[in-house]
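> the following block contains a protein sequence and its predicted model.
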Protein chains: 2
Amino acid sequence: MKTSLGAKTFAYPLPIWVIGSYDAEGKPNVMTAAWCGICCSKPPAIAVSLRKERHSYDSIVKRKAFTVNIPSEKYAKETDYFGLVSGKDVDKFAATGLTPVKSGTVDAPYIKEFRVIIECKLIHTYDIGLHTQFVGEIMDIKADEELVGEGGYPEIEKIKPLVFTPGLRKYHGLGKCVGDAFDIGKEFKK
Amino acid sequence: MKTSLGAKTFAYPLPIWVIGSYDAEGKPNVMTAAWCGICCSKPPAIAVSLRKERHSYDSIVKRKAFTVNIPSEKYAKETDYFGLVSGKDVDKFAATGLTPVKSGTVDAPYIKEFRVIIECKLIHTYDIGLHTQFVGEIMDIKADEELVGEGGYPEIEKIKPLVFTPGLRKYHGLGKCVGDAFDIGKEFKK
């Protein structure tokens, strides 16, 4: 029996990513975002939604660039912290001891210690409501060499990305492989 | 040492959701989508990207509605199948034995056997490139009663949602809880 829970921002599983940008003074800054995902294959693009009052909002508009830094379980505390405070008030790199590095392809910093980085150039801005959606074309993916496996992709079991659950406000790790995509459903094709 | 992997549609973790709609003849149809996520808190909204040639594309444009059906591990094969074939050619509900139910708040069907359903009204359509992004306002969340826990949210450990990994083309389950969001990062606030 289904019960109605009303209109809420709820869905599972969600990513939790750290968005990097340079502010007006050129200071590297990072913030945590969960309202995001891949949104197009050609051009390859990622959508990230931000509120206008976020310090990163103007940074991304002005530099037309951001990075997506994929946190591993090891950096769960730092990832959480990046969503608790504003770059207006504190230097989040100094507070956590992490290292900003200038991206090769876009005008935004990434976090050296994070294992997988996506460099994005801002190509669209959509005002949806409380959140504005930034669509960034993926210009390059950078990953720690030892993580790259089959087919030239970083292996997810080695990245150990976090999964975010809104409402319950938890971070989870990744579980076991359940099956191969574009394969396990073939049995229904008979 | 970081290595460059080029511009690819790659990011972890990603959701894998089943999108429900009625086609021109009123036949309930479902398709699998991974280029999606929450995109706004007010109005609460979900973004789902589709290619124009998908059978569901016209259905969503005409009825201005879709559902997001969150698959659990139990339905991994059905979820994969929904992405392998087109509703133009087959009745995916008949092929899998699952049951379409008309939504209470929008003109789209949901899958009775799936544990959590999000009913969405189409409010924006953005042409990004190969993919068009549909933004749906969340009108209601429906969940199996026995899954709803603390704070009125379905408990993620009971849902057992799938996590999709593009590139490696795998489905994973959910792992252990790593920590509380908006809490474990407080130690850096000193």
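Structure received. Numbers count the residues shown, from 1 in each chain, chains lettered A, B, ... in the order given.
> please, where are all the helices along chain A?
A:55-63, A:76-81, A:92-96, A:156-159 (DSSP state H).
> give me the contacts around the second one.
Spelled out, that is helix A:76-81. Helix A:76-81 has contacts (Cβ atoms under 8 Å, 6 or more residues apart in numbering or on different chains) with A:16, A:18, A:32, A:71, A:92, A:95-96, A:98, A:162, A:171, B:178-179, B:181-189. Glycine gets a C-beta too; all of them are placed from N, C-alpha and C.
> cool, the shortest one as well?
Applying Cβ under 8 Å, 6+ apart, the contact partners of helix A:156-159 are A:70, A:72, A:115-116, A:146-147, A:149, A:174, B:12-13, B:165, B:168, B:170, B:172.
> just the ones of these in strands?
In strands, judged by DSSP state E, the following of those are found: A:70, A:116, A:174, B:165, B:170, B:172.
> ok, the residues you listed vs B:Leu130, which is closest?
B:Thr165 (20.4 Å; Cβ to Cβ).
> can you pull the contacts of that closest one?
A:156, A:181, B:12-14, B:171-172.
> remind me, longest strand of chain A?
strand A:131-144.
> mean confidence score for that strand?
Summarised as a single mean, pLDDT over strand A:131-144 is 98.
> in the helix or strand of chain A with the lowest mean pLDDT, which residues are buried?
Among the helical and strand segments of chain A, the one scoring lowest on mean pLDDT, DSSP states H and E is helix A:156-159, with a mean of 90. Within helix A:156-159, the residues that qualify as buried are A:156, A:159, counting by 16 or more other Cβ atoms under 10 Å in any protein chain shown.
> same deal with stretch A:108-117?
Per 16+ other Cβ under 10 Å, stretch A:108-117 contains these buried residues: A:108-111, A:113-117.
> what about that stretch, start to end distance?
11 Å (Cα to Cα, to the nearest Å).
> that stretch near chain B at all?
Yes - using Cβ under 8 Å from any Cβ of the partner chain, stretch A:108-117 reaches chain B at A:116-117.
> so which residues make contact with that stretch?
The contact list for stretch A:108-117, computed with Cβ under 8 Å, 6+ apart, reads A:18, A:20-22, A:28-30, A:63, A:65-72, A:75, A:93, A:98-103, A:119-120, A:141-144, A:147, A:154, A:158-159, B:2, B:12.
> buried ones from those, can you make that a PyMOL selection?
Buried residues within the contacts of stretch A:108-117, by 16+ other Cβ under 10 Å, are selected in PyMOL with:
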select buried, (chain A and resi 18+20+21+22+28+29+30+63+65+66+67+68+69+70+71+72+75+93+98+100+101+103+119+120+141+142+143+144+147+154+159) or (chain B and resi 2+12)
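> tabulate the contacts of helix A:156-159 (JSON lines), appending distance to B:His55.
Listed next are those as JSON lines, based on distance: Cβ to Cβ, whole Å:
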{"residue": "A:Ile70", "distance to B:His55": "33"}
{"residue": "A:Ser72", "distance to B:His55": "38"}
{"residue": "A:Arg115", "distance to B:His55": "38"}
{"residue": "A:Val116", "distance to B:His55": "34"}
{"residue": "A:Glu146", "distance to B:His55": "42"}
{"residue": "A:Leu147", "distance to B:His55": "37"}
{"residue": "A:Gly149", "distance to B:His55": "35"}
{"residue": "A:Leu174", "distance to B:His55": "32"}
{"residue": "B:Tyr12", "distance to B:His55": "29"}
{"residue": "B:Pro13", "distance to B:His55": "27"}
{"residue": "B:Thr165", "distance to B:His55": "26"}
{"residue": "B:Leu168", "distance to B:His55": "27"}
{"residue": "B:Lys170", "distance to B:His55": "26"}
{"residue": "B:His172", "distance to B:His55": "28"}
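> any idea which of those is least confident?
Ranked by pLDDT, the contacts of helix A:156-159 bottom out at A:Gly149, which has 87.
> contact partners for A:Gly151?
B:167-168.
> 10 Å - rerun?
B:167-169 (Cβ atoms under 10 Å, 6 or more residues apart in numbering or on different chains).
> and what of A:Gly97?
A:78, A:113, B:188.
> wait, the last one sits on A:Phe82?
It refers to B:Phe188. Yes - when contacts are counted by Cβ atoms under 10 Å, B:Phe188 is listed as touching A:Phe82 (9.0 Å).
> which neighbours do those two share?
Residues touching both B:Phe188 and A:Phe82 comprise A:92, A:95-96, with contact defined as Cβ under 10 Å, 6+ apart.
> thanks again, I'm all set now.
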